[in-house]
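A.B. asks: heads up, no residue letters with this:
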């Protein structure tokens, strides 16, 4: 599970921050209508998911007793807070 990023009060994760295997599973099982776009500086970022939606998806995809580490060869990421 990745940590969230907070920008202007919006807590989110980017699809591109997930491991490749997690990205593939996410794209197959996540409702595409739940993606959000966030304007960061002058760039519109299209691959954002509200953190609460990511947590719900993660819990359904990796049942209790299964860890993210078993599905990823990456360490947990730190929470990022972007400045305005």
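C.D. replies: Yep, that arrived. Keep in mind that this is a model prediction, so the values were computed, not measured.

A.B. asks: Going by C-alpha atoms from here, please, whenever you check contacts or count neighbours.
C.D. replies: Noted.

A.B. asks: hey, where'd the strands end up in the protein?
C.D. replies: 5-7, 10-14, 35-40, 43-50, 80-81 (DSSP state E).

A.B. asks: Parallel or antiparallel, list what pairs with the first one.
C.D. replies: Using DSSP bridges, strand 5-7 pairs in its sheet with strand 10-14 (antiparallel), strand 80-81 (parallel).

A.B. asks: Including mean neighbour count and distance to residue 24, could the strands of the chain go into a markdown table?
C.D. replies: A markdown table is the format used below for the strands of the chain (neighbours: other CA atoms under 10 Å; distance: least, CA to CA, whole Å):
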| stretch | mean neighbour count | distance to residue 24 |
| --- | --- | --- |
| strand 5-7 | 17 | 21 |
| strand 10-14 | 20 | 13 |
| strand 35-40 | 14 | 15 |
| strand 43-50 | 15 | 13 |
| strand 80-81 | 14 | 23 |
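
A.B. asks: Using JSON lines, please lay out those strands together with distance to residue 25.
C.D. replies: Formatted as JSON lines, the strands of the chain follow (distance: least, CA to CA, whole Å):
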{"stretch": "strand 5-7", "distance to residue 25": "21"}
{"stretch": "strand 10-14", "distance to residue 25": "14"}
{"stretch": "strand 35-40", "distance to residue 25": "15"}
{"stretch": "strand 43-50", "distance to residue 25": "15"}
{"stretch": "strand 80-81", "distance to residue 25": "24"}
